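Undergrad: A predicted structure for the sequence below; I have some questions about it.
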Amino acid sequence: MSKKKKMKHNGFASNARNSTKGSGKDILNRQAPVKKYLNDVTIENLVGSNDLAKIILNVPIEDVLKNGLKISVLKSDGTEDIEKTKKLLNKLDELDYLEKIMEFMEKVRKFGYAVMYLNAFHNEEKETSDELGEKYHIKGLSVFDKTEIVKIKVENSKLKLNYGEVTELQVKNYSNNGYYNQSVKTEIHPSRVIFSRINEHKRLIGESIFTSLFDRMVILDSTEWSIGQLIYRAVFLIYKTDVNTMDKIKESGGVRDKEEEINASTLAVIGKDDEMQVINSTGGIDPEKYINAVLTILSIHTNIPKQRLAGNTQGTLAGSEEDAKKYAEYLRRYFNKNILPITNNLIDKVLIELKIDQRYKVELPNLLEPTVAEQIDNDLKRVELDTKKLEYLEKALNIVSNNELIEKKDKIAEIIKKLGEEDFDFEALLKELS
């Protein structure tokens, strides 16, 4: 019986053949994403104890609404109906709508869903469980988050026209019985609320943003703790002495008491044969690099620039110009998907109250701050426009003075009235006066 010739493998081939990649021994292969479903208490504690969590929660909302919203009621020809727009904006401001929308979105991001309740007054007596109807006066807006909602049902059938809308709602309400606030369950008709949610799943109405970010928050917390330990242990002392002295140290309280005596703020008196060394254990480690790495990870998962996560102010979209543009694009997408629908819903209900049946437009102002060059250019254009307006006004006054065109005073008044409009044709009106 012939022996089979043994195959020879060089080191590279042998290592490749014996690789554990993809097997049960492969450490990377055993790593799998784990989803942690956080309860409401955990989320509350996280936001309450972690400033970075507050930044992640609130910054996109603050940044997207920092310049407010441009809302216009439109005429049939598509131009703005100034009078109706003013009426609508006055009502919205009366309801403090921007602050309420910010509070609303903060609750939605925090717990996954929330409702905004329209506190409406009716001429006839109605209960909160009654349909809102079309004759009402909205007195205020209140936000109920997940922890304040006792019962909620949302239409899950995509074949229904009201898919994604609330069909049943019960919230906690508090009444004062003379001694303390008592919690009672209150039925609310779905027409009286505006509903919003994020990260909905088949078995969840909505899910907190911190569900997917929790592990990353733990990484940051661990990094901060490690850096603190590194600084605490950065410098330590080594005290060399003989056996007799060591025995005396033990008798007088031990090494721990000696450590308290010999520190950076005391004078150490030691024997001539003793030796004291100061050891620096940091090894040139730069803690800022580790913090920067964690902020990079969080920035990837939240779309928020690192500079903003680190606490830069709301006024500007910080970072490089390219980063600022990307962040502005993310904020615009966030606005269109999450904030615009609830804003439209609120305006629809306010227009019913105001008996305005015209179309309207909601626009998000430019989020990017102009560069220095752009600001100078804008200022120059504004000066040129103001100069032109003064020239036209002077010409109009000269025409009236020279020709005594009293009968055309209405046209003169029209020029003065429209001085604030950039696209007004001054030349055409002056020709008409002449």
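TA: Now that the structure is in, tell me what you want to look at. None of these values were measured; they are calculated from a predicted model.
Undergrad: the helix or strand in which L346 is found: which residues count as buried?
TA: If you go by DSSP states H and E, L346 is part of helix 340-354. For helix 340-354, burial by neighbour count (16 or more other CB atoms under 10 Å) applies to L340, I342, T343, N345, L346, I347, K349, V350, L351, I352, E353, L354. Every C-beta, even on glycine, is put in place using the N, C-alpha and C of the backbone.
Undergrad: repeat that for stretch 294-314.
TA: Residues of stretch 294-314 classed as buried by neighbour count (16+ other CB under 10 Å): V294, L295, L298, S299, T302, I304, P305, K306, Q307, R308, L309, N312.
Undergrad: try stretch 158-168
TA: If you call a residue buried by 16+ other CB under 10 Å, then stretch 158-168 has these buried ones: V166.
Undergrad: all helices for the stretch 101-250 of the chain, in order.
TA: Ranges of helices within the stretch 101-250 of the chain are 210-232, 243-251, based on DSSP state H, counting those that start in this stretch.
Undergrad: counting by contacts, list what the longest one packs against.
TA: Using 3 or more CB pairs under 8 Å, 6 or more residues apart in numbering; DSSP states H and E as the contact criterion, the neighbours of helix 210-232 among helices and strands are helix 40-49, helix 51-64, helix 287-302.
Undergrad: let's go with 10 Å and repeat that
TA: For helix 210-232, the packing partners by 3 or more CB pairs under 10 Å, 6 or more residues apart in numbering; DSSP states H and E come out as helix 40-49, helix 51-64, helix 97-111, helix 287-302.
Undergrad: can I get these in JSON lines with distance to G164 and mean pLDDT?
TA: Listed next are those as JSON lines, based on distance: least, CB to CB, whole Å; pLDDT from 0 to 100:
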{"stretch": "helix 40-49", "distance to G164": "22", "mean pLDDT": "91"}
{"stretch": "helix 51-64", "distance to G164": "21", "mean pLDDT": "92"}
{"stretch": "helix 97-111", "distance to G164": "14", "mean pLDDT": "97"}
{"stretch": "helix 287-302", "distance to G164": "25", "mean pLDDT": "83"}
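Undergrad: and the ones you listed, which is most packed in?
TA: Highest mean neighbour count of the helices and strands packed on helix 210-232: helix 97-111, a mean of 21 (counted as mean count of other CB atoms under 10 Å).
Undergrad: that one versus helix 340-354: what angle between them?
TA: Orientation of helix 97-111 against helix 340-354 (axes from the mean of the first three to the mean of the last three CA atoms, to 10 degrees) gives an angle of 140 degrees.
Undergrad: tell me the angle helix 97-111 makes with helix 51-64.
TA: Per the same axes, to 10 degrees, the angle that helix 97-111 makes with helix 51-64 is 140 degrees.
Undergrad: render the CA-only coordinates of helix 97-111 in CSV, please.
TA: Output in CSV follows, covering the C-alpha atoms of helix 97-111 (Å, rounded to 0.1, in the frame of the first residue of the first chain):
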residue,chain,number,x,y,z
TYR,A,97,-47.4,78.0,17.3
LEU,A,98,-43.6,77.8,16.7
GLU,A,99,-42.8,77.1,20.4
LYS,A,100,-45.6,74.5,20.4
ILE,A,101,-44.3,72.8,17.3
MET,A,102,-40.8,72.7,18.8
GLU,A,103,-42.2,71.1,22.0
PHE,A,104,-44.3,68.7,19.9
MET,A,105,-41.3,67.5,17.8
GLU,A,106,-39.1,67.2,20.9
LYS,A,107,-41.6,64.8,22.5
VAL,A,108,-42.0,62.9,19.2
ARG,A,109,-38.2,62.4,18.9
LYS,A,110,-37.9,61.5,22.6
PHE,A,111,-40.6,58.8,22.8
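Undergrad: now do the strands in this protein.
TA: Using DSSP state E, the strands of the chain run over residues 70-73, 113-121, 137-145, 149-154, 166-176, 181-187, 193-197, 235-240, 275-280, 360-363.
Undergrad: pick the most buried one from those.
TA: Ranked by mean neighbour count, the strands of the chain are led by strand 193-197 with a mean of 23 (mean count of other CB under 10 Å).
Undergrad: quick one: strands adjacent to that one?
TA: Strand 193-197 has these partner strands in its sheet, going by DSSP bridges: strand 113-121 (antiparallel).
Undergrad: what's opposite the nearest residue to E80 once chain neighbours are set aside in the beta bridge?
TA: In space, and not counting its chain neighbours, E80 is closest to S72: 4.5 Å by CB to CB, 6 or more residues apart in numbering. Counting by DSSP bridges, S72 forms beta bridges with K361.
Undergrad: check contacts around S72.
TA: Going by CB atoms under 10 Å, 6 or more residues apart in numbering, S72 touches 79-82, 84-85, 88-89, 359-363.
Undergrad: for it, give its distance to T85.
TA: 5 Å (CB to CB, to the nearest Å).
Undergrad: which neighbours do these two share?
TA: With CB under 10 Å, 6+ apart as the test, S72 and T85 both reach Y360, K361.
Undergrad: hang on, the earlier thing: which elements pack onto the helix holding L346?
TA: The helices and strands touching helix 340-354, judged by 3+ CB pairs under 10 Å, 6+ apart, are strand 70-73, helix 82-94, helix 97-111, strand 113-121, strand 137-145, strand 193-197, strand 360-363.
Undergrad: redo that, cut-off 8 Å
TA: Helices and strands touching helix 340-354, by 3+ CB pairs under 8 Å, 6+ apart, are helix 82-94, helix 97-111, strand 113-121, strand 137-145, strand 193-197, strand 360-363.
Undergrad: if we can go back for a sec, including distance to K202, could the buried residues of stretch 294-314 go into CSV?
TA: Converted to CSV, the buried residues of stretch 294-314 look like this (distance: CB to CB, whole Å):
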residue, distance to K202
V294, 33
L295, 34
L298, 28
S299, 30
T302, 25
I304, 29
P305, 34
K306, 35
Q307, 38
R308, 34
L309, 32
N312, 39
